[in-house]
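> Sequence and predicted structure, then a few things I'm wondering about:
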Amino acid sequence: MSDVDPEILTRRVRPPDRTEVTGPEQTDVYDVWEPRGDHRARGITVALVHGGFWREQYDRAHQSPLAEALARDGFHVASLEYPRIGMPGGGWPGTGTSLLDRVESVHADTHLPDRVVVVGHSAGGHLALWLASQDRAPWLTGVLAVAPAADLGEVARLGLSEGAAVALVGGTPEDLPDAWADADPARQRLTVPAVIVTGDRDDVVPASVVERYVSSRSPEEPLHVAVARGADHFDLIDPDHPAYLLLLSEVEELTLR
């Protein structure tokens, strides 16, 4: 993401209550935080999908502070792993299909509420919107895409993270049109209620990435956009930043729809 990563990516919090292994690969796994604190359990599972431009060096560990905070606020939380570029099963379509498998495992986990909201940050926001498209997971309660790499074509056009979108798909849109059509939620129909939360100081995923995605939506698609004032790309996943209250309220709104 940058030469000096923000403190939120390495902040230590309490460990998960359990870790579930769902297959043979090291990425076939998710961590679970059970609700704690003064809030009653809400009967909702939040499935977190981490960012990092689909790069191997960024895994689910950096979203542990957000997971712990959401559990403290009454949610069951599953922090999902998925294969990234260069890993076994990583790239497209493996990154997407593996994540779909992981979300289905969470939904089938009898120790978790079966109402599931997916919250994805950055590259995880791209994957959350992909899950919410084309009836891939129609049983989802909703998705919250936080600072998402929503329009994969725009991510490629801008060359973000040294060509991460092209590396994910395995070639350019001109070389692999079918793969891009499958990988890019901006080219697909949104079929699950979705919220996009952006920060007005985000310089990692520029505003045009979300703007192009939003402009590609039809009026009947279930999309809402909210802006966190004074928040950058990483403030949006920092439970100590005021932007967390916006994220929390948008998750709550999704559960009421």
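Received it, and whenever you're ready, just let me know what you need.
> could you pull out the helices for this structure?
Using DSSP state H, the helices found in the chain span residues 64-72, 94-108, 123-131, 152-158, 160-169, 177-183, 207-215, 243-256.
> Enumerate every residue touching Ala231.
Contact analysis of Ala231 by CB atoms under 8 Å, 6 or more residues apart in numbering lists Gly199, Asp200, Arg201, Asp202, His241, Pro242, Ala243. (Each C-beta comes from the backbone N, C-alpha and C, glycine too.)
> before we move on, back to that, please work out which of the helices of the chain is packed deepest.
Ranked by mean neighbour count under mean count of other CB atoms under 10 Å, the helices of the chain are led by helix 123-131, which reaches a mean of 30.
> same for it, what does it pack against?
Applying 3 or more CB pairs under 8 Å, 6 or more residues apart in numbering; DSSP states H and E, one finds that helix 123-131 contacts strand 45-49, helix 94-108, strand 116-121, strand 142-146, strand 194-199.
> Contacts for that helix, please.
By CB under 8 Å, 6+ apart, the surrounding residues in contact with helix 123-131 are 48-54, 82, 95-96, 99-100, 103, 118-120, 136-137, 140, 143-150, 152, 155, 164, 183, 185, 188, 190, 192, 194, 196, 213.
> what angle sits between it and helix 160-169?
If you take axes from the mean of the first three to the mean of the last three CA atoms, to 10 degrees, helix 123-131 sits at 40 degrees to helix 160-169.
> if we can go back for a sec, export the helices and strands packed on helix 123-131 as a markdown table, with columns for mean pLDDT.
Formatted as a markdown table, the helices and strands packed on helix 123-131 follow (pLDDT from 0 to 100):
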| stretch | mean pLDDT |
| --- | --- |
| strand 45-49 | 98 |
| helix 94-108 | 98 |
| strand 116-121 | 98 |
| strand 142-146 | 98 |
| strand 194-199 | 98 |
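> Tell me how many other residues surround the closest residue to His224 other than its chain neighbours.
In this structure, His224 finds its nearest non-sequential neighbour in Val195, 4.8 Å apart by CB to CB, 6 or more residues apart in numbering. Counted with other CB atoms under 10 Å, residues neighbouring Val195 total 23.
> swap in Pro206?
Burial of Pro206 is recorded as 13 neighbouring residues (other CB under 10 Å).
> same question, the one 10 residues further on
Counted by other CB under 10 Å, the residues lying close to Ser216 total 17.
> Quick check: it vs Val169, distance?
Look at Ser216 and Val169: by CB to CB, to the nearest Å, they are 18 Å apart.
> re the thing from before, out of the helices of the chain, flag the one nearest Val21.
Closest of the helices of the chain to Val21 is helix 94-108, at 9.8 Å (criterion: CB to CB).
> Pull out the buried members of the contacts of Ala231.
Using 16 or more other CB atoms under 10 Å as the burial test, those include Gly199, Asp202, His241, Ala243 as buried.
> Farthest pair within the residues you listed?
Maximum pairwise distance among these (CB to CB): 12.9 Å, between Asp202 and His241.
> list the contacts for the spatially closest residue to Val214 that is not a sequence neighbour?
With CB to CB, 6+ apart as the criterion, Val214 has its nearest non-adjacent residue at 6.1 Å, and that residue is Val225. Counting by CB under 8 Å, 6+ apart, Val225 touches Val195, Ile196, Val197, Thr198, Val210, Val214.
> re earlier: can I get the helices of the chain in JSON lines including distance to Ile237?
As requested, the helices of the chain are arranged in JSON lines below (distance: least, CB to CB, whole Å):
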{"stretch": "helix 64-72", "distance to Ile237": "5"}
{"stretch": "helix 94-108", "distance to Ile237": "18"}
{"stretch": "helix 123-131", "distance to Ile237": "9"}
{"stretch": "helix 152-158", "distance to Ile237": "19"}
{"stretch": "helix 160-169", "distance to Ile237": "17"}
{"stretch": "helix 177-183", "distance to Ile237": "23"}
{"stretch": "helix 207-215", "distance to Ile237": "16"}
{"stretch": "helix 243-256", "distance to Ile237": "8"}
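> No more questions from me, cheers.
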